[in-house]
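Q: Pasting the sequence and the predicted model now:
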Amino acid sequence: MNSHIAISGIFLCCSLTMTGCADKSKDSTQTEVKTEVQVITDGKVVEITKSKDFPTVRVQTLAVAEELALNGTIVPDVNRTVAVNALAGGRIAEIHARLGDAVKKGQLLLKIHSPDLANAVAALKQAKADELLAKRYYDRNKFLYDKGAVVALKDVEAAEDNLVDAQANTENAITQVKLLNADPDHPTAFVELRAPLAGVVVEQNIALGSAAKSLDATPNLFTIADLSRVWLLCDVYENNLAHVNVGDVVKIRLNAYPDLPLQGKLVNIFSLLDPVTRTAKARIELDNDKGILRPGMFATALFVSQTKTSRVVIPSSALFRLHDRDWVFLPEGGGKFRRVEIQIGGANADGSLQVLDGLQEGDELVANALQLAAAAQLENPIALEDKDKGEAK
């Protein structure tokens, strides 16, 4: 052994137990086989002088799709979301829907006692009265003129003009009442606010007896969303934008339903980047016919790229974890095995692991790293621990 090897007298022992059973009546037998293990000072080579052979495998490459896991939140589809406001201000007299309620199109949401509507109704009644008076005046003048009475034609024409003006005022008054969501045939001082579409009340900003402001005021009285189709919004960090593309398949896992598989497609990546978080929003559209996707739910989205990349892969059994780092063993001949640190990527469907750094195609490595580690008793290697601590410093 070379002089540079500082630890030359460290010998570790492990036992291999072999049990054979001829039948149920025979006792089990155990045979102990001593294994000499030598750890070389560089902290990376293990020498086993007496042991059975350890099977090896060749590192291969595999064409795999790039995957990126991101967190996201379920939100309503803004194209299916409508803010509900009143065109007239007033006081809330009745509330017929609450936050979280499912409503149908045209369903009554609330009633507002509105001075604005009361004034509009009064104007409508006055316009109708003026129209009725103008019509009577025109009919009387027209009748007398037709009978040859002393009525000038200009008086008939003037009465007709007054009637036309009165009719126009009535039409304007009716339009004003309709704009305030009231029925001009049965006018009252109460504004009835109805659901413009079927959906769920996702926002409510009023209470019984509170004041409802006019249309130009905020916030909205109600917000209704059709949740039959929702969005999943994910934050994509700036350095990951090159790895996601519109059309990528997205596998989704809900925190609320971890065993429910969902899948969608990336339909849009926002053009704006948040200057604080350095992220851009990625939007996935999801059908929600069963109604299990609720706004605010957290989800994990796994983006799968449309193109495949060649990756170095190894069987999972070839991986050994030590000091929170990933290692494999490469045979060097003469019972020596070099411990090499690698960087692991994602796992493939067949159970193999992607290697991002540390190995190349064709490298030979021990197929069962834990078996070798157990034989060398690496679960408590004093020499290796000292070496690794020195490297960390």
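A: Nice, thanks for sending it over. Keep in mind the model is a prediction, meaning the values are calculated, not measured.

Q: where does the closest residue to Ala102 other than its chain neighbours land in three-state SS?
A: Spatially, and ignoring its direct neighbours in sequence, Ala102 is nearest to Val200 (5.4 Å; CB to CB, 6 or more residues apart in numbering). Just so you know, the C-beta spots here come from the backbone N, C-alpha and C atoms, and that holds for glycine as well. Classification of Val200 by DSSP: H, G, I helix; E, B strand; the rest coil places it in strand.

Q: need the contact list for Val200.
A: Residues in contact with Val200, defined by CB atoms under 8 Å, 6 or more residues apart in numbering, are 100-103, 224-227.

Q: Repeat the analysis, applying 7 Å as the threshold.
A: 100, 102, 224-225, 227 (CB atoms under 7 Å, 6 or more residues apart in numbering).

Q: any idea which of those has the most stuff around it?
A: Scoring the contacts of Val200 on neighbours with other CB atoms under 10 Å, the highest-scoring entry is Ile224 at 28 neighbours.

Q: circling back: so which of the contacts of Val200 are in strands?
A: Counting by DSSP state E, the contacts of Val200 place 102, 224-225 in strands.

Q: mind listing what the residue nearest to Leu273 when sequence neighbours are not counted touches?
A: Nearest residue to Leu273 in three dimensions, chain neighbours excluded: Ala280, at 5.1 Å (CB to CB, 6+ apart). For Ala280, the contacting residues are 236, 241, 269-270, 272-273, by CB under 7 Å, 6+ apart.

Q: Now the buried members of those residues.
A: The neighbour count (16 or more other CB atoms under 10 Å) marks 236, 269 as buried among those.

Q: Same list (the contacts of Ala280) but as a markdown table, adding pLDDT, secondary structure and distance to Arg194.
A: Output for these, formatted as a markdown table (pLDDT from 0 to 100; DSSP: H, G, I helix; E, B strand; the rest coil; distance: CB to CB, whole Å):
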| residue | pLDDT | secondary structure | distance to Arg194 |
| --- | --- | --- | --- |
| Val236 | 92 | strand | 40 |
| Leu241 | 89 | helix | 44 |
| Ile269 | 93 | strand | 38 |
| Phe270 | 92 | coil | 34 |
| Leu272 | 90 | coil | 36 |
| Leu273 | 92 | coil | 41 |
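
Q: now, among the contacts of Ala280, which is nearest to Ala63?
A: Nearest to Ala63 among the contacts of Ala280 is Leu241, at 23.3 Å by CB to CB.

Q: contacting residues for the closest one?
A: Counted by CB under 7 Å, 6+ apart, Leu241 has contacts Ala280.

Q: run the last query once more with 8 Å
A: Per CB under 8 Å, 6+ apart, neighbours of Leu241: 269, 280.

Q: how close does it get to Gly346?
A: 19 Å (CB to CB, to the nearest Å).

Q: Equivalent analysis for Thr56, please.
A: Going from Thr56 to Gly346 by CB to CB gives 24 Å.

Q: Tell me where the model's unsure across the stretch 201-350 of the chain.
A: Counting by pLDDT under 70, the ranges of the stretch 201-350 of the chain that qualify are 214-218.

Q: so where do the strands sit in it?
A: Counting by DSSP state E, counting those that start in this stretch, residue ranges of the strands within the stretch 201-350 of the chain are 211-212, 222-225, 229-237, 249-254, 262-269, 279-287, 298-314, 320-322, 325-333, 336-347.
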